[in-house]
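K.L.:
sequence plus the predicted model coming up.
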Amino acid sequence: MLSPFLMFVIFVGGLMLLLALLLTGVLIWQATVRPYTYDELFVLPDEDLLPMETDTGSPRIIPMEGTTNFRDLGGYTTPDGSRMAWRQLFRSARWLQLTGEDIERIEALGIRTVVDFRQSADAEEFPNRLPDDIDYQSIPVFEDTPMSPRRVAFNRHRLLDVFAGVYVNHIVERGAPTFGRLMKLLTDPDNLPLVFHCTAGKDRTGIAAALILSAVGVPRDVVVNDYLLTNLAAESFIEEINTQLGARNVRGVATEQLYPLLAASPRLIMGALDHIDARYGTVEAYLLEKAGLTKADLSRMRTVLLEPMPEPASAVPS
């Protein structure tokens with residue numbers, strides 16, 4: 001007859017084997033789940049809603065060699081006849097690998113302030129390359145890692161749902177004080193031109209841009225389509241994740257299964273804005289209640305960022 005100790009060892013060993021088999025089965029199943037298609041997630045914007053050049057013909061999307069997704073938030077109009085001033089407020093991915101030519105472009109834009117939304121550890125490990133005499137401010141949206149490799153691995157079958165929760169809980173709710181600090185900077189014209197960014201310039205940066213545009217009165221459809229402009233840089237995101245998977249020898253994870261993390265999906269931005277509407281009523285109410293701004297702050301920000309629409313060119317007499 002087996003001793004109680006040996007029976008216990010056999011029981012524990014069998015239980016561990018069963019759990020290992022279950023875990024393996026789950027991972028194998030997840031590896032076979034049909035991923036979202038490219039077209040389902042990487043939705044392109046309606047550029048008819050978005051002026052893509054300044055009044056002088058300079059592009060909204062500014063090409064850079066050492067970063068991506070660098071673009072101007074100017075030119076968007078509001079119902080009262082104002083518009084966001086060009087070349088005052090920009091959004092971007094991180095500035096880790098700026099070239100000398102990139103630095104010259106940034107200096108030509110006259111940028112004075114850079115706001116970095118990345119976690120402190122990321123900003124320290126992968127510091128921006130900055131031009132001289134620029135005011136760099138690290139203001140993390142959150143400090144933990146909401147989408148850890150383990151969480152991604154075990155949620156590949158519902159990754160878009162999980163990431164939508166990150167937008168609401170980590171970015172909108174926990175990031176509100178950071179967005180309030182950014183907007184207080186925007187109340188002082190001496191801080192402009194200003195760039196804000198995270199790692200890819202997509203999620204934390206995308207929410208910040210949506211909040212600012214909404215707060216000054218830009219219509220919702222334009223706000224969403226500005227967010228979708230990020231998908232024009234999709235190939236660079238996919239190339240980078242392929243490089244990372246290869247460098248780390250990750251097996252059983254298809255790049256297509258990670259599309260929900262790489263795409264600026266309409267569901268993500270609309271879900272975040274719908275959450276704000278449902279919980280706070282309006283973006284302005286969210287900024288006043290959650291982000292620590294005052295009505296005077298919002299009024300000053302609108303004064304700084306908005307300008308009158310230019311008069312249409314007079315018709316030339318025949």
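P.N.:
Happy to help now that I have it.
K.L.:
would you map the strands across the stretch 101-250 of the chain?
P.N.:
Using DSSP state E, counting those that start in this stretch, the strands of the stretch 101-250 of the chain run over residues 113-116, 135-138, 194-197.
K.L.:
quick one: strands adjacent to the last one?
P.N.:
Neighbouring strands of strand 194-197 in its sheet, by DSSP bridges, are strand 89-92 (parallel), strand 113-116 (parallel).
K.L.:
deepest of the strands of the stretch 101-250 of the chain, which one?
P.N.:
strand 194-197 (a mean of 24; mean count of other Cβ atoms under 10 Å). For glycine as for every other residue, the C-beta is placed from the backbone atoms N, C-alpha and C.
K.L.:
count of residues packed around A234?
P.N.:
Neighbour count for A234, taken as other Cβ atoms under 10 Å: 18.
K.L.:
who are the contact partners of it?
P.N.:
For A234, the contact set (Cβ atoms under 8 Å, 6 or more residues apart in numbering) comprises Y38, F42, L262, A263.
K.L.:
of these - the most surrounded one?
P.N.:
Tallying neighbours with other Cβ under 10 Å puts A263 at the head of the contacts of A234, with 25 neighbours.
K.L.:
wait, that residue touches F42, no?
P.N.:
Yes - A263 is in contact with F42 according to Cβ atoms under 8 Å; the separation is 4.8 Å.
K.L.:
overlap in contacts, the two.
P.N.:
When contacts are counted by Cβ under 8 Å, 6+ apart, the set common to A263 and F42 consists of N231, A234.
K.L.:
which residues are in contact with stretch 47-58?
P.N.:
Here stretch 47-58 makes contact (Cβ under 8 Å, 6+ apart) with 59-61, 72, 74-76, 86-87, 221-222, 225-226, 229, 310.
K.L.:
that one: which residues count as buried?
P.N.:
Buried residues in stretch 47-58, counted by 16 or more other Cβ atoms under 10 Å: P51.
K.L.:
regarding that stretch, how distant is the last residue from the first?
P.N.:
16 Å (Cα to Cα, to the nearest Å).
K.L.:
try stretch 150-168
P.N.:
Start to finish, the residues bounding stretch 150-168 are 20 Å apart (Cα to Cα).
K.L.:
could you give me the average pLDDT of it?
P.N.:
Taken as a whole, stretch 150-168 carries a mean pLDDT of 89.
K.L.:
what residues of it count as buried?
P.N.:
Neighbour-count burial for stretch 150-168 flags 152-153, 155-157, 159-160, 162-164, 166-168 (criterion: 16+ other Cβ under 10 Å).
K.L.:
closest to F142 out of the strands paired with strand 194-197?
P.N.:
Comparison of those against F142 by Cβ to Cβ identifies strand 113-116 as nearest, at 13.2 Å.
K.L.:
kindly export the closest one (C-alpha atoms) in PDB.
P.N.:
The C-alpha trace of strand 113-116 is given here as PDB (Å, rounded to 0.1, in the frame of the first residue of the first chain):
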ATOM      1  CA  THR A 113       8.200  72.200 -25.600                       C
ATOM      2  CA  VAL A 114       8.100  68.500 -25.700                       C
ATOM      3  CA  VAL A 115       5.700  66.500 -23.500                       C
ATOM      4  CA  ASP A 116       6.500  62.800 -23.100                       C
END
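K.L.:
middle-most residue in this protein, spatially?
P.N.:
Compute the mean C-alpha point of the chain, and by Cα atoms, centre = their mean the closest residue is D203, 2.0 Å away.
K.L.:
if I look at it, how far off is G175?
P.N.:
Note on D203: its distance to G175, by Cβ to Cβ, to the nearest Å, is 10 Å.
K.L.:
low-confidence ranges, the protein, go.
P.N.:
For the chain, applying pLDDT under 70 flags the ranges 1-2, 4-34, 245-253, 313-318.
K.L.:
which stretches of it form helices?
P.N.:
Counting by DSSP state H, one finds helices in the chain at the ranges 4-32, 38-41, 100-109, 120-125, 149-154, 159-166, 176-185, 204-216, 220-228, 234-247, 259-262, 266-280, 283-289, 295-305.
K.L.:
could you dump those to JSON lines with distance to L194?
P.N.:
Below are the helices of the chain laid out as JSON lines (distance: least, Cβ to Cβ, whole Å):
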{"stretch": "helix 4-32", "distance to L194": "42"}
{"stretch": "helix 38-41", "distance to L194": "30"}
{"stretch": "helix 100-109", "distance to L194": "11"}
{"stretch": "helix 120-125", "distance to L194": "17"}
{"stretch": "helix 149-154", "distance to L194": "32"}
{"stretch": "helix 159-166", "distance to L194": "25"}
{"stretch": "helix 176-185", "distance to L194": "6"}
{"stretch": "helix 204-216", "distance to L194": "11"}
{"stretch": "helix 220-228", "distance to L194": "17"}
{"stretch": "helix 234-247", "distance to L194": "24"}
{"stretch": "helix 259-262", "distance to L194": "26"}
{"stretch": "helix 266-280", "distance to L194": "22"}
{"stretch": "helix 283-289", "distance to L194": "17"}
{"stretch": "helix 295-305", "distance to L194": "10"}
